[in-house]
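*Asks:* Below is the sequence, then the predicted model.
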Amino acid sequence: MPELNSTEKTVYEHIYPDLHDWPIYKFGQQRKEFIHQINQEILRDLSTLKDSELDQILAKAIYAERQRVKTNPWKADPPNQAIFFRKLLKEYHENQISDENKKSKNLETAFRLVKRYSEEIAGNFNINTFQFVRKVSNAVFYVLLSKPKLLSLFSQKKMKAANLSRLKVLGNLENIRALFPEHTIVLLPTHSSNLDSILVGYTIDLATGMPAFSYGAGLNLFDSEFFAFFMNRLGAYRVDRRKKNSIYLKTLGVFSKNSIKRGVNTIFFPGGTRSRSGEVEMKLKLGLLNSLIQAQRELLEENDKRKVVIVPVVINYESVLEARDLMIQHLKTTGQEKFTMRDKSPSIFEYVKFAKRLLTRESSVYLTFGDPIDVFGNQLDKDANSFNVHNQHIDLKDYFVHEGKIAIDTQRESIYTKELSECIVKQFRNYNLILPCHIVAFAAFRLLAKMNPHQDMYNLVQIPEEEVVFGEKQFRQYIIWIWTFLKKMKVSDKLKYINQIPDDMDELISEGLETLGCFHNLKPLTRNKQGQLCSEDFITLLYYSNKLNNLFADEEINWQEIHLDLDPQTKLT
């Protein structure tokens, strides 16, 4: 597969050099009309419900929203939301007084709620804002990923060149670009950092030559008026994960479906939120995936030849800034009373130390684009022809036909959605780019577990770090075992890329130690003054080691029974 990396330094020309030709810009020009369209569609759907069903979902929505306003308000929420829902509740109660026209009154009340949701969700795209953010992003990622030089900060060309060497893109971009002009591309990345949205958007613009994508952003990110100003003008649509009521989810799904039908290329994180454990997602949210299948069905109904093209993307960092905080959240949630450690707030000295590391260390980020597939998981060639696992050509209409015509079958489409989810998870696993930092972290934490066979994960991370030194021989033996396993997965095509891993063990270990969590004040894995392997932070070490977990998900491996009897001088090759 063709690959973009620091050696080749391939940069694609923009498919549409003029930003006015970008689909997302054209969509922004039609925002008012589009919101009206989705409001009317939802109103039609609600009208088909029985009186009792509509009454129930409206009552539940208003109750849930009033509870949310009381117990979990955010700064990004509209300032008048308490008043709005109080009035909506009063209106709902008035609807119950008389049975006459009760349903039509409830529809009016529900419609007011839908209009509020659709206005909240829909974003916009401003060319001037995008061009400004493009320049700012050059500087931001230059500072984050390279050792910044003052003079280079005044040169967009130098910063872009430096960023291209640090943002490494792999995958069959030729096929994806070939599909872009005639079809709608939906990128589904893994999610591990708050940087992910801007990272993917910036990399698309910098390295792939594709126009900007619309993307889903958690409403909590709009708490900052500064960031909200830009995200509101960069094609972001807002997703509020607190809202679980069926009217909100319906509005979000209809928004997604219709934007896809209009040809708006989109990014959304199918895992729903950042992976707290550091693992690549193995369970996905099905709601928005289902909207992709609905969009494809409606396109076929309208004899529109465009396809919804899905491209899974795996993001791999050498250093995730919020790794420790995310891992603590995961341990508290899953371990509850087993995990009792309290994390202290960082001091000013620690912030200064972190800033120094940020300015003096280099780090790389890898984005691996998977194979383009249709909404049923079939492979697509550059002409958007669908082929099943037996390399047979597939007509997508056949998936939706009932008694000779395309028909809506929600139960059947829910099965398709689940199968699509499984296909995406499989690509996440196959395209999970393994780096030296992941291997050394995985080997060290498994060795820690081997040294403490009766301790679970929650107890292991609470062992005082100063009491543990990793044996060099056993550590190297684990490296050999993992490397051998990864090579077998590559041969069986269960893992696409291991070419970033050095064949020489000393080089692998050295690079792994140098790059692993390089921005953290406490080093996940390092050498002490005596040259012995040790960790300053088992929690962060666990986070990075988990990057390999999904590769072993289907394997029956008892880690405690692995015999470390390999010669540690054995060459990896």
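*Replies:* Nice, thanks for sending it over. Numbers count the residues shown, from 1 in each chain.
*Asks:* Check which element follows the helix or strand of the chain with the lowest mean pLDDT along the chain.
*Replies:* Ranked by mean pLDDT, DSSP states H and E, the weakest helix or strand in the chain is helix 225-231, scoring a mean of 79. Using DSSP states H and E, the helix or strand that follows helix 225-231 in sequence is strand 236-239.
*Asks:* circling back: for the least confident helix or strand of the chain, C-alpha coordinates in CSV please.
*Replies:* What follows is helix 225-231, C-alpha atoms only, in CSV (Å, rounded to 0.1, in the frame of the first residue of the first chain):
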residue,chain,number,x,y,z
GLU,A,225,-15.9,31.0,24.2
PHE,A,226,-12.6,31.2,22.4
PHE,A,227,-12.7,27.7,21.0
ALA,A,228,-16.5,27.9,20.5
PHE,A,229,-16.0,30.9,18.2
PHE,A,230,-13.7,28.9,15.9
MET,A,231,-15.5,25.5,16.0
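*Asks:* Give me the buried stretch members for it, please.
*Replies:* Going by neighbour count (16 or more other Cβ atoms under 10 Å), the buried part of helix 225-231 is A228, F230, M231. For the C-beta atoms, the positions are set from N, CA and C on the backbone; glycine is no exception.
*Asks:* just stretch 306-323 next, same as before
*Replies:* For stretch 306-323, a neighbour-count test (16+ other Cβ under 10 Å) marks 306-321, 323 as buried.
*Asks:* What are the boundaries of the helices in the stretch 351-500 of the chain?
*Replies:* 397-400, 410-430, 436-451, 457-460, 472-491 (DSSP state H, counting those that start in this stretch).
*Asks:* Would you reformat the ones you listed as CSV and include mean neighbour count, mean pLDDT and distance to L541?
*Replies:* Below are the helices of the stretch 351-500 of the chain laid out as CSV (neighbours: other Cβ atoms under 10 Å; pLDDT from 0 to 100; distance: least, Cβ to Cβ, whole Å):
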stretch, mean neighbour count, mean pLDDT, distance to L541
helix 397-400, 16, 94, 45
helix 410-430, 17, 95, 22
helix 436-451, 23, 94, 6
helix 457-460, 17, 94, 10
helix 472-491, 17, 89, 13
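*Asks:* closest one to L300 among the ones you listed?
*Replies:* For the helices of the stretch 351-500 of the chain, proximity to L300 was assessed by Cβ to Cβ; helix 397-400 is nearest, at 5.4 Å.
*Asks:* what's the closest one packed up against?
*Replies:* helix 287-301 (3 or more Cβ pairs under 8 Å, 6 or more residues apart in numbering; DSSP states H and E).
*Asks:* buried stuff in the helix it packs on?
*Replies:* Across helix 287-301, burial judged by 16+ other Cβ under 10 Å covers 288-300.
*Asks:* pLDDT and distance to P372 added to these, as TSV?
*Replies:* As requested, the buried residues of helix 287-301 are arranged in TSV below (pLDDT from 0 to 100; distance: Cβ to Cβ, whole Å):
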residue	pLDDT	distance to P372
L288	87	18
L289	93	16
N290	94	20
S291	93	19
L292	95	13
I293	96	16
Q294	95	20
A295	95	16
Q296	96	14
R297	96	19
E298	95	21
L299	96	17
L300	96	18
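*Asks:* In TSV: those residues, plus distance to E514.
*Replies:* Putting the buried residues of helix 287-301 into TSV (distance: Cβ to Cβ, whole Å) gives the following:
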residue	distance to E514
L288	39
L289	39
N290	44
S291	43
L292	41
I293	45
Q294	48
A295	45
Q296	46
R297	50
E298	51
L299	49
L300	52
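*Asks:* nearest to L153, of those?
*Replies:* Nearest to L153, judged by Cβ to Cβ, of the buried residues of helix 287-301 is L288 at 38.5 Å.
*Asks:* Show me which residues of the helix or strand containing V69 are buried.
*Replies:* Under the criterion of DSSP H and E, V69 resides in helix 51-71. For helix 51-71, burial by neighbour count (16+ other Cβ under 10 Å) applies to L54, D55, I57, L58, A61, I62, A64, E65, R66, R68, V69.
*Asks:* Make JSON lines out of those residues and add distance to I482.
*Replies:* Formatted as JSON lines, the buried residues of helix 51-71 follow (distance: Cβ to Cβ, whole Å):
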{"residue": "L54", "distance to I482": "56"}
{"residue": "D55", "distance to I482": "58"}
{"residue": "I57", "distance to I482": "51"}
{"residue": "L58", "distance to I482": "55"}
{"residue": "A61", "distance to I482": "50"}
{"residue": "I62", "distance to I482": "54"}
{"residue": "A64", "distance to I482": "47"}
{"residue": "E65", "distance to I482": "49"}
{"residue": "R66", "distance to I482": "52"}
{"residue": "R68", "distance to I482": "45"}
{"residue": "V69", "distance to I482": "50"}
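*Asks:* Next one: I15 from L170, what distance?
*Replies:* Look at I15 and L170: by Cβ to Cβ, to the nearest Å, they are 20 Å apart.
*Asks:* Neighbour count: those two, which is higher?
*Replies:* Counted by other Cβ atoms under 10 Å, I15 and L170 do not tie: L170 has more neighbours, with 23 against 15.
*Asks:* who does the more buried one bridge with?
*Replies:* On the basis of DSSP bridges, L170 is bridged to E3, T368.
*Asks:* Just give me the longest strand of this protein.
*Replies:* What stands out as the longest strand in the chain, according to DSSP state E, is strand 308-317.
*Asks:* From the contact counts, what lies against that one?
*Replies:* Packed against strand 308-317 by the contact rule (3+ Cβ pairs under 8 Å, 6+ apart) you find helix 173-179, strand 184-189, helix 196-203, helix 287-301, strand 365-369, helix 410-430.
*Asks:* before we move on, the earlier item: which one of the buried residues of helix 287-301 is nearest S246?
*Replies:* Nearest to S246, judged by Cβ to Cβ, of the buried residues of helix 287-301 is N290 at 13.5 Å.
*Asks:* Contact partners for the closest one?
*Replies:* Counting by Cβ atoms under 8 Å, 6 or more residues apart in numbering, N290 touches G253, E413, S414, T417.
*Asks:* now it: how far from K257?
*Replies:* Taking Cβ to Cβ as the measure, N290 falls 9 Å from K257.
*Asks:* just G123 next, same as before
*Replies:* Going from G123 to K257 by Cβ to Cβ gives 16 Å.
*Asks:* how near is F34 to G123?
*Replies:* In terms of Cβ to Cβ, F34 sits 11 Å off from G123.
*Asks:* Oops, could you answer that again for V469 instead?
*Replies:* The value you get for V469 to G123, if Cβ to Cβ is used, is 52 Å.
*Asks:* Those two: who's more crowded?
*Replies:* Per other Cβ under 10 Å, whichever of V469 and G123 has more neighbours is G123, with 21 against 14.
*Asks:* Please verify my assumption that the more buried one contacts M231.
*Replies:* Yes - G123 lies in contact with M231 (Cβ atoms under 8 Å); the separation is 7.2 Å.
*Asks:* Show me the shaky parts of the protein.
*Replies:* For the chain, residues meeting the criterion pLDDT under 70 lie at 1-10, 99, 499, 553-573.
*Asks:* Which segments of it make up each domain?
*Replies:* 27-121, 320-361+434-573 (automatic domain parsing).
*Asks:* who's in contact with the least confident helix or strand of the chain?
*Replies:* With Cβ under 8 Å, 6+ apart, helix 225-231 has contacts from A76, G123, T129, V133, A217, L221, F222.
*Asks:* so who does the nearest residue to the first one once chain neighbours are set aside touch?
*Replies:* Nearest in space to A76, with sequence neighbours left out and distances taken as Cβ to Cβ, 6 or more residues apart in numbering, is F222 at 3.9 Å. The neighbourhood of F222, defined by Cβ under 8 Å, 6+ apart, consists of A76, A228, M231, N232, R238.
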